[in-house]
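# have a look at this fold, sequence not included:
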């Protein structure tokens with residue numbers, strides 16, 4: 001169950017598309033279309049990916065990241081620590097956090113095994129700025145897993161981008177914030193930035209997984 005949960009996190013966070021760019025005007029159709037495009041690319045490139053697992057970093061960077069509000073996610077992870085962080089350290093942290101996500105979600109896709117994912121149909125968002133897009137993960141011999149992707153509307157561009165996932169009642173961003181918060185207070189943001197930078201440079205491996213978002217980062 002944990003592997004499926006992590007896989008869906010990668011599908012979210014962890015988007016440029018082959019032929020056409022997915023519209024960011026509707027959060028429901030965006031999540032479904034981007035996930036389907038990404039899964040299809042991974043499935044169709046299995047021989048190349050097996051020969052060069054780091055290709056999964058390219059898949060994540062090209063197919064997922066354009067649809068992820070990684071800056072907002074990074075700020076959420078910092079939480080109350082943000083009040084004491086200077087601009088220079090913050091500006092250094094955000095791009096490293098992005099690369100950390102790319103590597104982590106690239107590793108997640110080594111778990112891909114053609115699981116079926118059913119998506120909640122589109123519905124009016126009204127004046128909402130944040131919505132949770134519900135999905136159901138189905139795999140033979142297992143109980144269905146309900147997962148909600150949190151998607152945020154940018155006030156300036158009116159575009160929707162994903163920033164968090166809630167699986168079994170647990171927010172992945174909240175989990176990561178809990179892991180990093182004390183480390184930031186004790187050793188400072190530059191120290192955490194360096195840790196995440198080192199993790200982002202790790203190779204993708206089918207036999208020796210790198211750390212996955214939501215697990216211990218220190």
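Good, I have the coordinates. Keep in mind the model is a prediction, meaning the values are calculated, not measured.
# make it CA atoms for all contacts and neighbour counts henceforth
Noted.
# how about residue 137: what's its closest non-neighbour residue?
Take residue 137 and drop its neighbours on the chain: the residue closest to it by Cα to Cα, 6 or more residues apart in numbering is residue 117, 4.6 Å away.
# contacts only, for the one you found.
By Cα atoms under 8 Å, 6 or more residues apart in numbering, residue 117 lies in contact with 135, 136, 137, 138.
# now do the buried residues in the helix or strand containing the first one.
Assigned by DSSP states H and E, residue 135 belongs to strand 130-138. By neighbour count on 16 or more other Cα atoms under 10 Å, the buried set for strand 130-138 is 130, 131, 132, 133, 134, 135, 137, 138.
# and of the residues you listed, the nearest to residue 175?
residue 132 (17.6 Å; Cα to Cα).
# contacts only, for that closest one.
Residue 132 touches 148, 149, 150, 151, counting by Cα under 8 Å, 6+ apart.
# could you say whether the third one sits in a helix, a strand or coil?
Which is residue 150. Judged by DSSP: H, G, I helix; E, B strand; the rest coil, the three-state class of residue 150 is strand.
# that one contacts residue 128, correct?
No. Assessed by Cα atoms under 8 Å, residue 150 is found out of contact with residue 128, at 12.0 Å.
# among these two, which residue is more densely surrounded?
Neighbour count, other Cα atoms under 10 Å: between residue 150 and residue 128, residue 150 has more, with 20 against 9.
# wait, what's in contact with the more buried one?
Residues near residue 150 by Cα under 8 Å, 6+ apart: 130, 131, 132, 133, 162, 163, 164, 165, 166.
# which among those residues gets closest to residue 92?
residue 163 (19.5 Å).
# what's the following helix or strand after the strand or helix carrying the closest one?
Using DSSP H and E, the element containing residue 163 is strand 160-167. Using DSSP H and E, the helix or strand that follows strand 160-167 in sequence is strand 170-171.
# what's the burial count for the spatially closest residue to residue 27 that is not a sequence neighbour?
Sequence neighbours aside, residue 160 is the residue nearest to residue 27 in space, at 5.8 Å (criterion: Cα to Cα, 6+ apart). Neighbourhood size, residue 160 [other Cα under 10 Å]: 25.
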